[in-house]
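[1] sequence unknown, structure follows:
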């Protein structure tokens, strides 16, 4: 595994946030991914936490799994994964590894499956849903764009 991917995954997957970043405080940060990465400012935390949470209804309210609406647990894990992908894309871009986005996406989704498959019904199907993947792609694009636009 590439060192930039390894460092990005370490930072993202070591987050201690107990709930979506939109609702998580960390020190003086009102909204936080709880990731210690110097280029990730309080403003970045706030903007990305709000964005990843705010667009879920745009992408996920119409998503179905086996013909049924996503359950609360399924929506929560998709949101968590989208947040991880957004902040991961931000970190990966800041580290100069933008070309590794698809590797990062696969690794984060695989980690989510490994850690939650026994807790979330039909998780593999949920994470491979069309709207879910549009949400994931949007989150990664937003995180990457944020990293490029904000010079730190």
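    Perfect, I can see it now. For clarity, every value in this text was computed on a predicted model and none was experimentally measured.
[2] okay, CA-based contacts and neighbour counts for the rest of this
    Noted.
[3] would you mind measuring from residue 7 to residue 104?
    11 Å (Cα to Cα, to the nearest Å).
[4] which one's more surrounded, these two?
    residue 104 (24 against 15; other Cα atoms under 10 Å).
[5] tell me how far the more buried one lies from residue 117.
    19 Å.
[6] try residue 89
    Per Cα to Cα, residue 89 is found 24 Å from residue 117.
[7] which one of these two has more residues nearby?
    residue 89 (30 against 13).
[8] part of a helix, is that one?
    Yes - assessed by DSSP: H, G, I helix; E, B strand; the rest coil, residue 89 belongs to a helix.
[9] contacts for the lowest-mean-pLDDT helix or strand in the chain, please.
    Least confident helix or strand of the chain, by mean pLDDT, DSSP states H and E, is strand 64-65 with a mean of 80. Contacts to strand 64-65, defined as Cα atoms under 8 Å, 6 or more residues apart in numbering, come from residues 70, 122, 125, 126, 129.
[10] quick one: contacts for residue 8?
    88, 91, 92.
[11] just put those in TSV and tack on neighbour count, pLDDT and distance to residue 41.
    Shown next, in TSV, are those (neighbours: other Cα atoms under 10 Å; pLDDT from 0 to 100; distance: Cα to Cα, whole Å):
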residue	neighbour count	pLDDT	distance to residue 41
88	28	97	14
91	27	96	12
92	26	97	15
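[12] out of those residues, who's nearest residue 137?
    In terms of Cα to Cα, no member of the contacts of residue 8 lies closer to residue 137 than residue 88, at 12.0 Å.
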